[in-house]
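Undergrad: sequence first, then the predicted structure:
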Amino acid sequence: MELVDLHLHSSVSSDGEVPPAELLQLASAAGLCAVSITDHDTTEAYLQTPPGGSNPELICGVEMTTRLGERTVHLLGYFMDPFEERLVEELSRLDSAKRKQAKLRAERLRQLGFVFTDSDVARYARGKVPVGPIFGMAIINNPANDRDARLLPYREGGERAEQPYYYFDKDFLQEGKPAYCHVERISTTGAIELLREIGGAPVLAHPGEKFDPSKDAGLIAELKEHGMVGLEVWSTYHDGAMQNAFFNLARRLDLVASAGSDFHGPGIKPNIRIGVNVVGKYKIVEELLQAIGRGG
C-alpha cells in the first residue's frame, strides 16, 4: 500500500528540528511514497529540497497562520509554486506578525512572573522567531522557575510532562490563556482564496484543535464555499472518535479527507514519528489534485 504524510515540519520552520533533506531520508526509511513539508508561514525548505521527483515524492506545502473571527486557524496549502510572488509577500507579512507577537509574548510572560533570558530564547529558537514552545523551553529549563507551582504539570511525573513545551504553549499562549497576545493576520477565507488563485489546494489543518465537528459544521461549510477542498481528518490531534466525526463531515461536505502527523522533531513533539503515528493513502494526493481541477 502506498502511504503518505502530508504534514511535516523541517528545521526551516519556527519550531521544527530536522533539516529538510533528513526529513526525506526518514520518510523514505519509513516506506512512505509521498510527503509534504508544511513549515509554518514559510516555503524556504524548498530552496534546499525542490518539490517533485524525489524518493519519496515531495509535494509542495505550507501551513499558514490565519484568523477566523477570534480563532487562530492553521491552513495547509499544497501543489502551488512555493515562491509565487503573492504567496511570498503574504508569508513575509505573517513573519512580521510573528515577530511582533514574540515581543508581546516575552513582555506578558515576564509580567506573569516567569524568569527567562533573551539569550536562552534565542538559543532555543536557533536564529528563528521564537514561538510558543520555544518560550516554554526557556522557562521550564530555567532553574529560577524550579519552585514555580504553575510548572509542576510540565515536569517529570506531571500530567503534561509527555510533551511539556507543546503543552506550555497551549496552556499559556493560545486564545483565552494568560499570556495570549493578539496580532493581525490574513483571514482564513482570504488565505483560502489566495491559495486557490495561485493553483493551490487549501486544507484545514488538525480541525479538532479549534473546531467541533457538530457545532462548527456550518462554519466549515462556509470555508468550502470560499474554495477550501479538504479536512485533515487523520491527525495526531484527533482520537478515533474525532477522526470518525471529521471523516463523516468531510464526506457530507464533499471535502477530501487528508492525513498528516504534524511531525516537528524529538524536542517539541517527541512522541510523533514519521510513518508511525499518522499516515494516509496516496489516493489523498490524487483526490486533492482532482478537487482543484488538476487530476488525471
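TA: Thanks, I have the structure now.

Undergrad: tell me how far the helix ranked longest in the chain lies from the chain's centre.
TA: Counting residues, the longest helix found in the chain (DSSP state H) is helix 85-111. Centroid displacement of helix 85-111 relative to its chain, using CA atoms, centre = their mean, to the nearest Å, is 15 Å.

Undergrad: same question for stretch 180-197.
TA: Put simply, stretch 180-197 sits 14 Å off its chain's centre (CA atoms, centre = their mean).

Undergrad: end to end on that stretch, go ahead and measure it.
TA: End-to-end distance for stretch 180-197, by CA to CA, to the nearest Å: 32 Å.

Undergrad: same question for that stretch, mean pLDDT?
TA: Stretch 180-197 comes out with an average pLDDT of 97.

Undergrad: quickly list the domain ranges of the protein.
TA: Here the domain assignment for the chain is 3-88+188-291, 113-172, based on automatic domain parsing.

Undergrad: which of the helices or strands spans the closest residue to Gly61 other than its chain neighbours?
TA: Leaving aside its sequence neighbours, Gly61 sits nearest to Ser36 (CB to CB, 6 or more residues apart in numbering; 3.5 Å). From N, CA and C alone the C-beta is placed, and that goes for glycine too. Using DSSP states H and E, Ser36 falls within strand 34-37.

Undergrad: buried residues in the helix or strand following that strand?
TA: The element immediately downstream of strand 34-37 (helix or strand, assigned by DSSP H and E) is helix 45-48. Within helix 45-48, the residues that qualify as buried are Ala45, Tyr46, counting by 16 or more other CB atoms under 10 Å.

Undergrad: helices of the stretch 151-296 of the chain, residue ranges please.
TA: 164-172, 188-197, 217-225, 240-253, 283-291 (DSSP state H, counting those that start in this stretch).

Undergrad: just send these back as CSV, with distance to Glu63 and mean neighbour count too.
TA: Formatted as CSV, the helices of the stretch 151-296 of the chain follow (distance: least, CB to CB, whole Å; neighbours: other CB atoms under 10 Å):
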stretch, distance to Glu63, mean neighbour count
helix 164-172, 15, 21
helix 188-197, 10, 21
helix 217-225, 16, 15
helix 240-253, 18, 16
helix 283-291, 15, 19
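
Undergrad: which among those helices is found nearest to Gly31?
TA: Smallest distance to Gly31 across those (CB to CB): 15.9 Å, for helix 283-291.

Undergrad: just checking the distance from the longest strand belonging to the chain to the centre of its chain.
TA: Criterion DSSP state E: the longest strand present in the chain is strand 57-68. Strand 57-68 has its C-alpha centroid displaced from the chain centroid by 8 Å (CA atoms, centre = their mean).

Undergrad: next SSE downstream of that strand?
TA: Assigned by DSSP H and E, the successor of strand 57-68 is strand 71-78.

Undergrad: before we move on, back to that, now the longest strand of the chain against helix 85-111, angle please.
TA: Relative orientation of strand 57-68 versus helix 85-111 (axes from the mean of the first three to the mean of the last three CA atoms, to 10 degrees): 60 degrees.

Undergrad: in terms of helices and strands, where is the nearest residue to His9 once chain neighbours are set aside?
TA: Counting by CB to CB, 6+ apart, Gly16 is the residue found nearest to His9 once chain neighbours are left out, at 3.6 Å. Counting by DSSP H and E, no helix or strand carries Gly16.

Undergrad: Gly16 contacts Asp39, correct?
TA: Yes. Gly16 is within contact range of Asp39, at 6.3 Å (criterion: CB atoms under 8 Å).

Undergrad: so those two - more neighbours on which side?
TA: Shown here are Gly16 and Asp39; by other CB atoms under 10 Å, Gly16 has more neighbours (26 against 23).

Undergrad: quickly note the distance from that one to Leu68.
TA: 24 Å (CB to CB, to the nearest Å).

Undergrad: what ranges of the stretch 1-150 of the chain fall below the confidence cut-off?
TA: By pLDDT under 70, the weakly predicted segments of the stretch 1-150 of the chain are 1.

Undergrad: out of the helices of the stretch 151-296 of the chain, which comes closest to Pro270?
TA: With CB to CB, the closest approach to Pro270 among these belongs to helix 164-172: 9.2 Å.
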